[in-house]
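Student: I would like to see how this sequence folds:
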Amino acid sequence: MDYVKTGLKRGLIGLPIGISINFAILIITFLLANTDKTLSISTLGFQYIIGGTLGFFYAAMSVVFEIEEINFTHQTIIHFVITNFLALLPCALFAGWIPRNPISILIFITISIFIYFIIWLSFKIYWDNQIKKLNDELGK
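Tutor: The predicted model follows:
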């Protein structure tokens, strides 16, 4: 399987999804803040680029989960390290989503690890149950 080609195709699909998610969060944040502030075109364009970058990166990196030679735990760790340290953290710092100090970065990384762990655990439980069902059916 050509992982690079698949990753690029997925990235192109993820690009508009990332932009949409980013703008949805931006709109919800402004509505909840109940503010009269406006955003400049340059700020919107910047958010557009950041959202597209993250959407592309996360979608492209999903190809890691198709590498059968690597177990699910290692796939998740690889995905976490690459997406969080090469895409999300730099984008978040660049966009000013998190303050540029060690404590804020450590909190950000801790929250990211917690989220990934919950997702990993959920999938692990799901697939363990699916495997058990299949084994039970084969044993009948």
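
Student: low-scoring stretches of the protein, by residue?
Tutor: The chain contains residues with pLDDT under 70 at 1, 140.

Student: ok, 90 please
Tutor: 1, 26-27, 29-44, 47, 72, 95-96, 136-140 (pLDDT under 90).

Student: For the residue positioned nearest the centre of it, give its distance to I17.
Tutor: Nearest to the mean C-alpha position of the chain, by C-alpha atoms, centre = their mean, lies Y58 at 5.0 Å. From Y58 across to I17, the span is 9 Å (C-beta to C-beta, to the nearest Å). Backbone N, C-alpha and C define where each C-beta goes, glycine included.

Student: what's near enough to touch A92?
Tutor: I98, F108 (C-beta atoms under 8 Å, 6 or more residues apart in numbering).

Student: Enumerate the positions of the longest helix seen in the chain that are buried.
Tutor: Ranked by residue count and defined by DSSP state H, the top helix of the chain is helix 102-139. Buried residues in helix 102-139, counted by 16 or more other C-beta atoms under 10 Å: F108, S112, Y116, W120.
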